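# sequence unknown, structure follows:
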């Protein structure tokens, strides 16, 4: 039966959800605080980049938007590490043909709003700021640009309004609503490397990383030949944003830490001063739904740090899972919402933890010898036993294995990798082509 | 130099803080959302009871209110456990002369407001609901009973407005403000045992506990001969509030679980239906202060569960510590606030954890043989080595040892108690008077 559905927030998850619910025949009304991003001027390199992987593609294909997005995305086949000596080291993310895809947030959002807007039963309303929710009716109140308040009653309300969700802030006042917001010690700032004569100045098919222990710089490619860079630094203490105030402090820091990047960012000082420094927050809460009438989806219920490239993918997977549950439960929303939050919460917690752990890997471990040794062994295991040993990164990025299962299996893998890495000759064994027989003889993989 | 100080919340901590700052000569304005509790009709048994211990008394004496409070308090020298077979077991809390003190929240609050109000430079304003704070000015906005808004600018604002602090809810929107609210699985409901012919119907010098594993009932004495009881039950599942709806369900539950208490609460059904079921929440956040101008004190920054009887004591200790820091730092509030939150946060976290742990002890362990055995050993150690072995409960309740240190020492004590409890004959050794030589010979206590 067709429902009147209010979606609060026309970001990535909100517009994707609108398309799904539109496709399923509901009357969908999407309210967005900001201006219509489709009319905004978005110059590449000024918008955050997302890394779309298997879970993202599945949901995009589910609503038929996958191919449109593919046209605007660039495959990143691995990590390109930049040393302080300007050396380059490449680590593939997966097997031949596997990649994660760089796409601008704004570009993707435009595609998804356009896509959902094609359904006659989906309507978008911009400059509608959610100021309150009556959770039991349910009624959403929006403040309009003219200062007036609009009250919208519907059968269901979805809060897809991100890490600082207005819908969640109302739910936070409910008895038994658990909630946490935890800022990590690092802030971030966007920078960019422009195209040169319309061409990329670094390998376009890689996610570039300058790992420096306590901090790092990354760069993701855009179709116009530019790279969107993000600098992650502690907000206080040594090597922190707090310490970079003058032109010379900024320049000296980049000369010492990122000399090759500095050469590619001639307008560093302007970018550094113009672009905001933004915090990174981890949001956890429970329950995610209220009374079969209101549900939080995506960052609104589980915002994570960006270091596994899974924030958007996890939000999109919420939508895929909701779709599966709709097939299973029909339109019993109360039952469906309970099933959704109960089954999904452990996976949301798992990817939150993995993302934080990957920050240490990206900024620090990727530059260390023993880490590279372990990566080589992991790769050899994957190539030799492709069914029995799928590395955690591949499970997370290239399969639909639940995140919590990827954590469990990853913990087992750590034990195996530690054991093998402690074997002094292991890399020689791999080089000599004796790895398969060695692993089998020692019963190292048991499935 | 005298400051204009706004205190938001005239509860226990707010009125105590007002007295302290009034005593130090500041111009203090205390704004309270509710009516003046001094004009309210508070019948005993209808208000929550607090257990005041060393940290509480220290702060009360600091402002000269200790003796007034002592007159309204009743010493509880130990726990009186009630079995389902109506058996009674008494465990003293400490040494001879040591006790925690039962006092009604409302009665104590009245004493403290009266006490602070005696200072000419302290003023109370009731029915002033804090609706916003401009943290940088700072300006506090209050909604009055007539619907108008009052703006109050001052040098400093203290948020002493409890677990659901309005001041904190404004700070929660600040970048880098970490915050969590976590509800435990149990709710609580107040009940009461009235006096009979003006006299107590149970031992007045004990905190009565009916430990039943997953749940419990407790009772604290009031000066009028009544006991304030609190029932702690899960809010859902087996033996939960959710399952107690009809008169017969409530009655059968009490008959099975608390037969002796049921006889003393003839009006159980009325009380059960009239009194609200309330949740129990643990609040953590950081930072507690902003810019040397705004500070959260007590439950507003660290609300805990009531099972160690330390929520109020911890809030009062905040005030003692603030006083010490004022002596040390003078009126450099910015420096003082930093020192306060940095030094105090680990202790607030420590008592939050201890309080939760004590819930398991109170509702479950106190009824178990091995727990009683360990308690006997602990007592023997305390009596034999009073300087080198102070039980954790005593450290928390009868000393000013920082909570975090009590946790560290408690963990060491657990090892010692486990080791001794594993010795089959240990209780015989104690009974034979050979404990001292046994402990010394085996080098069990090393300080």
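Ah, there it is. Quick caveat: nothing in here was measured; it's all calculated off a predicted structure. Numbering: from 1, shown residues only, chains lettered A, B, ... in the order given.
# so the residue of the stretch 101-250 of chain A found nearest chain B, which of the three states?
Distances between the stretch 101-250 of chain A and chain B by CB to the nearest CB are smallest at residue A:180, namely 3.7 Å. (Glycine included, C-beta is placed from N, CA and C.) Three-state call for residue A:180 (DSSP: H, G, I helix; E, B strand; the rest coil): strand.
# hmm, it is touching residue B:172, no?
No: Residue A:180 lies out of contact with residue B:172 (CB atoms under 8 Å); the separation is 11.1 Å.
# show me which residues of chain A are close to chain B?
Residues of chain A lying close to chain B (CB under 8 Å from any CB of the partner chain) are A:172, A:175-183, A:235, A:279.
# try it again with 6 Å
Counting by CB under 6 Å from any CB of the partner chain, the residues of chain A close to chain B are A:175-176, A:178-183, A:279.
# which among those residues end up buried?
Buried members of the residues of chain A next to chain B, scored by 16 or more other CB atoms under 10 Å in any protein chain shown, are A:178-183.
# now the helices for the stretch 301-447 of chain A?
Under the criterion DSSP state H, counting those that start in this stretch, the stretch 301-447 of chain A contains helices at A:311-329, A:333-363, A:369-384, A:392-398, A:403-421, A:426-431, A:435-441.
# make CSV from the ones you listed and add distance to residue A:162 to it.
Formatted as CSV, those follow (distance: least, CB to CB, whole Å):
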stretch, distance to residue A:162
helix A:311-329, 9
helix A:333-363, 15
helix A:369-384, 33
helix A:392-398, 22
helix A:403-421, 20
helix A:426-431, 45
helix A:435-441, 45
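# TSV for these, including mean neighbour count?
Formatted as TSV, these follow (neighbours: other CB atoms under 10 Å in any protein chain shown):
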stretch	mean neighbour count
helix A:311-329	21
helix A:333-363	19
helix A:369-384	16
helix A:392-398	22
helix A:403-421	17
helix A:426-431	16
helix A:435-441	15
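# columns mean pLDDT on top of the ones you listed, output as a markdown table?
Listed next are the helices of the stretch 301-447 of chain A as a markdown table, based on pLDDT from 0 to 100:
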| stretch | mean pLDDT |
| --- | --- |
| helix A:311-329 | 97 |
| helix A:333-363 | 94 |
| helix A:369-384 | 90 |
| helix A:392-398 | 96 |
| helix A:403-421 | 94 |
| helix A:426-431 | 92 |
| helix A:435-441 | 91 |
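# domain ranges for chain A?
A:4-73+A:105-181+A:280-356, A:184-279, A:368-441 (automatic domain parsing).
# which of those domains sits most buried?
domain A:4-73+A:105-181+A:280-356 (a mean of 20; mean count of other CB atoms under 10 Å in any protein chain shown).
# helix or strand for residue A:14, just tell me which one.
Residue A:14 is part of helix A:12-23 when elements are defined by DSSP states H and E.
# which SSE is residue A:130 in?
Per DSSP H and E: residue A:130 is located in strand A:128-134.
# adjacent strands (with direction) for the helix or strand following that strand?
Remark: after strand A:128-134, the chain's next helix or strand is strand A:139-144, criterion DSSP H and E. As defined by DSSP bridges, the strand partners of strand A:139-144 come to strand A:128-134 (antiparallel), strand A:149-153 (antiparallel).
# circling back to that earlier point, among the buried ones among the residues of chain A next to chain B, find me the one that's closest to residue B:375.
Ranked by distance to residue B:375 (CB to CB), these are led by residue A:178 at 33.4 Å.
# so that closest one touches residue A:288, yeah?
No: contact criterion CB atoms under 6 Å: residue A:178 and residue A:288 do not qualify, at 10.7 Å.
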